[in-house]
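*Asks:* With the sequence up front, the predicted model follows.
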Amino acid sequence: MPDFIFPPMPPVSVAIHGREACFPVHRVYCVGKNYAEHAREMGSDPDREAPCFFSKPADAVVPGLGEIPYPPGSSNVHHEIELVAALGAGGRNLSPEQALDRVVGYAVGVDMTRRDLQHAAKDRGQPWDTAKGFDYSAPISPITMVEHGSDLQRGRIWIEVNGEIRQDADISDMTWNVGEVLAQLSRLFELRAGDLVFTGTPAGVGPVNPGDSLRGGVEGLQEIDLLITPVRTAGAENGGIDPGQGGRSGIGADCRHWPDK
Ligand code: MN
């Protein structure tokens, strides 16, 4: 081990349903507009656009159970419920079948989005980082392990805000299925064990506010259950790891402490 001038952050990790071991996160990739109805609600033609990829920092991943703060710098933050594929191996230029064989599990995530900043970035041709890659922007459920190569072909995907259904669709509505999404990603990046891939959201995205509770899931997987708390104004002590309630308290070794539902 090299010497460090301050302690490095512990690895970001996600709990695995029914297992003691954690899933160590390498990168977080996301695909935009992968459900036709959502592409239409965002003003795009779902038939003619290739998948649009973006990423979030690994430490935007937080447990989808407990509390996450509303981000600063926005007055229009949207929920996007998504199926998340977790990779146990990687590769380049994979076929959809080869890519699916790298999937070790699935989870449910929310691609939290500063929609106002995303619209402004689109208008100006600027990058999406501030709209998509902010702190606490990738809450995720525990991962449900699957047999290598198994695909989730269908299943209800849904999210409710304060008990009211906002998004309700089926993952069979995806324009590009999981294998196709991963295959296309593998032509742009070398995929690695530990990558998480958010596979896009169905129609019905909408705003959340401090005080709102979010509950959502994909049939057969663990649910997310979140409370949005007010914007945080102070940083973590010493600029280090935030030990606060929910959110980042669940990364690293804490992933084991996620109560199984
Ligand atoms: Mn999304």
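*Replies:* In hand now; what should we look at? All values reported here derive from a predicted model rather than from experimental measurement.
*Asks:* Please save the CA atoms from the lowest-mean-pLDDT helix or strand in the chain in PDB.
*Replies:* Scoring the helices and strands of the chain by mean pLDDT, DSSP states H and E places helix 36-41 at the bottom, with a mean of 84. Extracted C-alpha coordinates of helix 36-41, given in PDB (Å, rounded to 0.1, in the frame of the first residue of the first chain):
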ATOM      1  CA  ALA A  36     -40.600   5.100 -26.000                       C
ATOM      2  CA  GLU A  37     -43.300   6.800 -23.900                       C
ATOM      3  CA  HIS A  38     -40.600   8.500 -21.800                       C
ATOM      4  CA  ALA A  39     -38.700   9.600 -24.900                       C
ATOM      5  CA  ARG A  40     -41.900  11.200 -26.200                       C
ATOM      6  CA  GLU A  41     -42.600  13.000 -22.900                       C
END
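*Asks:* The helix or strand just after that helix packs against which elements?
*Replies:* Using DSSP states H and E, the helix or strand that follows helix 36-41 in sequence is strand 52-56. Applying 3 or more C-beta pairs under 8 Å, 6 or more residues apart in numbering; DSSP states H and E, one finds that strand 52-56 contacts strand 28-32. Any C-beta I mention is one placed from the backbone N, CA and C, and that applies to glycine too.
*Asks:* strands paired with the strand it packs on, and their directions?
*Replies:* As defined by DSSP bridges, the strand partners of strand 28-32 come to strand 52-56 (antiparallel), strand 196-198 (parallel).
*Asks:* Touching the least confident helix or strand of the chain from outside, list them.
*Replies:* Applying C-beta atoms under 8 Å, 6 or more residues apart in numbering, the external contacts of helix 36-41 come out as 33, 45-47, 49, 169, 173, 175, 200-205.
*Asks:* change it to 10 Å
*Replies:* 32-33, 35, 44-49, 52, 80, 167, 169, 173-175, 200-206 (C-beta atoms under 10 Å, 6 or more residues apart in numbering).
*Asks:* Tell me the residues on the stretch 1-150 of the chain that lie near the ion, please.
*Replies:* Within the stretch 1-150 of the chain, the positions lying close to the ion (C-beta under 5 Å from the ion) are Glu80, Asp111.
*Asks:* before we move on, the earlier item: generate a PyMOL selection restricted to the buried subset of the contacts of helix 36-41.
*Replies:* Per 16 or more other C-beta atoms under 10 Å, the buried members of these correspond to this PyMOL selection:
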select buried, resi 32+33+35+80+167+169+173+174+175+200+201+202+203+204+205
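*Asks:* ranges for the strands of the stretch 101-250 of the chain?
*Replies:* 103-110, 113-114, 138-140, 144-145, 156-161, 164-170, 196-198, 206-208, 213-218, 224-229 (DSSP state E, counting those that start in this stretch).
*Asks:* Most tightly packed of these?
*Replies:* Comparing the strands of the stretch 101-250 of the chain by mean neighbour count (mean count of other C-beta atoms under 10 Å), strand 138-140 ranks first with a mean of 29.
*Asks:* Spatially nearest residue to the closest residue to the ion within the stretch 101-250 of the chain, not counting backbone neighbours?
*Replies:* Minimum separation of the stretch 101-250 of the chain from the ion (C-beta to the ion) falls at Asp111, amounting to 3.5 Å. Leaving out its chain neighbours, the residue that sits closest to Asp111 by C-beta to C-beta, 6 or more residues apart in numbering is Glu80, at 4.0 Å.
*Asks:* And that neighbour, how far from Arg102?
*Replies:* Separation of Glu80 from Arg102 (C-beta to C-beta, to the nearest Å): 24 Å.
*Asks:* mind showing which ranges of the protein have poor pLDDT?
*Replies:* 48, 149, 236-261 (pLDDT under 70).
*Asks:* Could you list the buried residues of the helix ranked longest in it?
*Replies:* Longest helix of the chain, by residue count under DSSP state H: helix 115-124. Neighbour-count burial for helix 115-124 flags Arg115, Asp116, Leu117, Gln118, Ala121 (criterion: 16+ other C-beta under 10 Å).
*Asks:* I am finished for the moment; much appreciated.
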